[in-house]
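Chemist: pasted the sequence and its predicted model underneath.
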Amino acid sequence: MKKQCMVLFVENNAGVLTRVSSLFMQRGFNIDSLTVSSTENPKISRITIVTTGDEKNFHQIMKQTDKLVESKMIFSVEPSFSLIQELLLVKFSTVGADIEALKKLIKDFGANAVDITSGCLIAELAASPDVVDDFLEAVHDFKMIEMCRSGAIAMERGDVAYDL
Amino acid sequence: MILNGSEILVKVLLEQGVDTVFGYPGGTVLNIYDALYKNSDKIKNYLTAHEQGAAHAADGYARATGKVGVVIATSGPGATNLVTGIATAYMDSVPMVAITGNVASHLIGCDSFQEVYITGITMPITKHNFVVRKVEDLADTLRDAFRIASSGRPGPVLVDIPKDITAESTTYIPAPPVEKTITKKIVGNVEEVAELINRAERPFIYFGGGVKLSEASDELLELIRRADIPASHTLMAAGVIDYREENNLGLLGMHGRYSANCAANRADVMIAIGTRFSDRVALNTQKFGHNAKIIHIDIDPGEINKNVIADYSIVGDVETVLQELLKYVKPNEHKAWKAKIAEWKKDDFAPEPCETELKPYYIIEKTCNTVGEDAIYSTDVGQHQMWAAQFLHHTKPKNFLTSGGLGTMGYGYGAAIGAQVACPDRKVVHFTSDGSLHMNLNELCTAVSYKLPVITVIFNNTVLGMVHQWQGVFYGQRYSASEPNRATDYVKVAEAFGAKGFRCSTPAEFDKAIEDAVKCDGPVWIECVIDKDEKVLPMIPAGKTVHDTIFK
């Protein structure tokens, strides 16, 4: 069982996200995360899905998803040739905390302190899922109030053209 | 030309060559039915007793003709009543367009009267579905529905139309009928596969409904004959190859022939064509065809390696692939292999004749011989369905209408109605049982109204036969909820609906009944009393292999 990432281009129609997620449920596929966004083409949406399963399962998911009438193209994301990024927002209590140590960690990870309001600091980090995990581990000793984390989005490096 | 949505709908149906629809009116499709009324000389609506019957009728119409079946229902319960019919068509890849009305756009989402989110409900059981939001989109959406339903691997498409859209007007621009796109693209190494077939010592073909949908019977027959390959069919492919063909081993799988299952087990090369290794054939996915190099040919890439891992795969339209394959497949003979299969055939189940009691085999054989080769058969689901699959004289691809994938009890009568409407000059026989018939027997009124001479042959064993059989074998004869012992008098019910009914419990009585039935110009029911302990044999239990075959 391993985590794999795929990118799906779909027609930007109402209900297309429901169709994709319904298909996953129907066939018993896992969704670890799913992110939908608009693209440079207003008629096309881009869905990034991270899933856990074996190789056979992953191929099945790709093929079944590609059969959706509104699916234009699907590809699996090869991590070594791609950027896979998540966005993290995490709120710490600054009351009695070693703010300088926290700020240093934030800086070391390339994160930003984006808000400081009434005893709270919100840090933002856009990084690969592994780095986000590492950051959360590193700030473990600070008093975390809440966090949220987006699903992954992915993009292949270099000059890649999609024929949609 | 400025037309309202309902008139546009009728125009598009006519564009697509539709002259027959099955459906049931209601509040949100009143405008549509008004347009149908004005065009009743061009499109005939068959009003069923229940929308489920209409959906099965559209399905039977499609299976018997290869054309797209059309069903119309109103919003809410009308739409939900279609669900089983749509799912049945989806599982068996039947081209169908289901048109549902919905409440007016401004009422959607307000839990309005007879409102239901039918596109959400049918998402997993349609190839695609649409909600029409603007009348300007209606014509092209319907055209897309016909194209999607019939192209590639066929399937049902639902178009949901809010009531206001059926009343609003826009410009209608005529268009030619949509063509189903037949992909000529082949993905796979055909020459390599042909070479494997040429070198095989114990080749075996396992073919399914995809051969029928692709209309590739001729190419398959050429392959079977030229390379001398024994072949066995799934439930969906009964009739694709004539039952008398020397290399046709008959039905494969759970209730398939022992010799066919042995051949699948011992083959060194298995060529699976237009089929999906369902759990009723590949009962044990690890062991099915385990001595063979498996070649899988199918139009749907999603079927490759889904249930059974193939050594070689070719994705493409079956007819196109077989035509290409035949360029490289050489004439061959497999005498030793066929001799081995002939030995297994000695252990094939052979029903014993009986002069006093009615036996399932006899009923089917006699029906075949009476109604002739051109007849269309539909079935419901259970023991009688398997007997029909085993014993009917399958000669043509589109003559056997059965719910294979979903296994829908209650499918058969609607399907028979659809087939009889499509083929008024042919005999249509509906095989059913006391269990299945009770699910949708209301459709008898439809057959009576339209004077459809469907012959219904009821295998009445007083129990839910297949459940009963499993409980007898696997559940210590604890016949839980499978012995309803209905008091239904089938002859009286038939007569009450305005049809003719016969009851028989001996072969002689059945002979007379079926011979009388073919002369009737309206629907007939023939109740056949059979023993409740009749079994479908042989049987390979779920998850097992041919070595676990139950013979008695």
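Modeler: Arrived safely, thanks for sending.
Chemist: so A:V90 is in contact with A:V139, correct?
Modeler: Yes - using C-beta atoms under 8 Å, A:V90 makes contact with A:V139 at a distance of 7.2 Å. C-betas here are computed from N, CA, C, even on glycine.
Chemist: can you list the residues of chain A near chain B?
Modeler: Contact residues (C-beta under 8 Å from any C-beta of the partner chain) of chain A with chain B: A:14-15, A:18-19, A:22-23, A:26, A:56, A:59-60, A:63-64, A:66-70.
Chemist: filter those residues down to the buried ones.
Modeler: With neighbours counted by 16 or more other C-beta atoms under 10 Å in any protein chain shown, these contain buried members at A:R19, A:L23, A:H59, A:Q60, A:K63, A:Q64, A:D66, A:K67, A:L68, A:V69, A:E70.
Chemist: and the third one, that one's in a strand?
Modeler: In this case it means A:H59. No - membership of A:H59 in a strand is not supported by DSSP: H, G, I helix; E, B strand; the rest coil, which gives helix.
Chemist: residue contacts, it?
Modeler: B:N305 (C-beta atoms under 8 Å, 6 or more residues apart in numbering or on different chains).
Chemist: likewise for the fifth one?
Modeler: Applying C-beta under 8 Å, 6+ apart, one finds that A:K63 lies in contact with B:P301, B:G302, B:I304.
Chemist: reformat the residues you listed as CSV; add neighbour count.
Modeler: As requested, these are exported to CSV (neighbours: other C-beta atoms under 10 Å in any protein chain shown):
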residue, neighbour count
B:P301, 19
B:G302, 20
B:I304, 25
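Chemist: verify the contact between B:L401 and B:R63 for me.
Modeler: Yes - here B:L401 reaches B:R63: they are 4.8 Å apart, a contact under C-beta under 8 Å.
Chemist: of those two, which one has the most company?
Modeler: The neighbour comparison of B:L401 against B:R63 (other C-beta atoms under 10 Å in any protein chain shown) goes to B:R63, with 31 against 28.
Chemist: confirm the more buried one sits in a strand?
Modeler: No - the assignment for B:R63 by three-state DSSP gives helix, which leaves it out of any strand.
Chemist: may I ask which helix or strand encompasses B:E483?
Modeler: For B:E483, there is no host helix or strand (DSSP states H and E).
Chemist: so who does residue 164 touch?
Modeler: Let's take chain A. A:L164 neighbours (C-beta under 8 Å, 6+ apart): A:F9, A:N41, A:I44, A:K72, A:M73.
Chemist: that answer is for a different chain, and I need it for chain B
Modeler: With C-beta under 8 Å, 6+ apart, B:D164 has these contacts: B:A104, B:S105, B:H106.
Chemist: what's the closest non-adjacent residue to the residue at minimal distance from the centre of chain B?
Modeler: Centroid-nearest residue in chain B, with C-alpha atoms, centre = their mean: B:T402, separated by 3.9 Å. Nearest residue to B:T402 in three dimensions, chain neighbours excluded: B:T379, at 4.5 Å (C-beta to C-beta, 6 or more residues apart in numbering or on different chains).
Chemist: distance of that neighbour from B:L464?
Modeler: 15 Å (C-beta to C-beta, to the nearest Å).
Chemist: contacting residues around the residue lying farthest from the centre of chain A?
Modeler: Distance from the centre of chain A peaks at A:G96, with 32.8 Å (C-alpha atoms, centre = their mean). By C-beta under 8 Å, 6+ apart, no residues touch A:G96.
Chemist: also B:L47?
Modeler: B:L47 is in contact with B:G23, B:Y24, B:P25, B:T446, B:S449, counting by C-beta under 8 Å, 6+ apart.
Chemist: overlap in contacts of A:V90 and A:V139?
Modeler: A:A123.
Chemist: scan chain A for its longest strand.
Modeler: strand A:82-93 (DSSP state E).
Chemist: can you give the contact residues for it?
Modeler: A:5, A:33, A:77, A:102, A:111, A:114, A:119-129, A:132, A:135-136, A:139, A:142-157.
Chemist: then stretch A:12-29?
Modeler: With contact meaning C-beta under 8 Å, 6+ apart, stretch A:12-29 is reached by A:8, A:10, A:30-31, A:34, A:36, A:38, A:42-45, A:47, A:49, A:51, A:53, A:57, A:60-61, A:64-65, A:68, A:70, B:119-120, B:123-124, B:131.
Chemist: now that stretch - C-alpha only, CSV.
Modeler: Listed next in CSV are the C-alpha coordinates belonging to stretch A:12-29 (Å, rounded to 0.1, in the frame of the first residue of the first chain):
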residue,chain,number,x,y,z
ASN,A,12,-15.9,22.6,-15.6
ASN,A,13,-19.6,21.6,-15.3
ALA,A,14,-21.8,21.6,-12.3
GLY,A,15,-21.7,18.3,-10.5
VAL,A,16,-18.5,17.0,-11.9
LEU,A,17,-16.8,16.8,-8.5
THR,A,18,-19.8,14.8,-7.2
ARG,A,19,-19.3,12.4,-10.1
VAL,A,20,-15.7,11.9,-9.3
SER,A,21,-16.2,11.4,-5.6
SER,A,22,-19.2,9.2,-6.1
LEU,A,23,-17.2,7.0,-8.4
PHE,A,24,-14.5,6.6,-5.7
MET,A,25,-17.1,5.6,-3.2
GLN,A,26,-18.9,3.3,-5.6
ARG,A,27,-15.7,1.3,-6.4
GLY,A,28,-14.3,1.4,-2.8
PHE,A,29,-11.3,3.5,-3.6
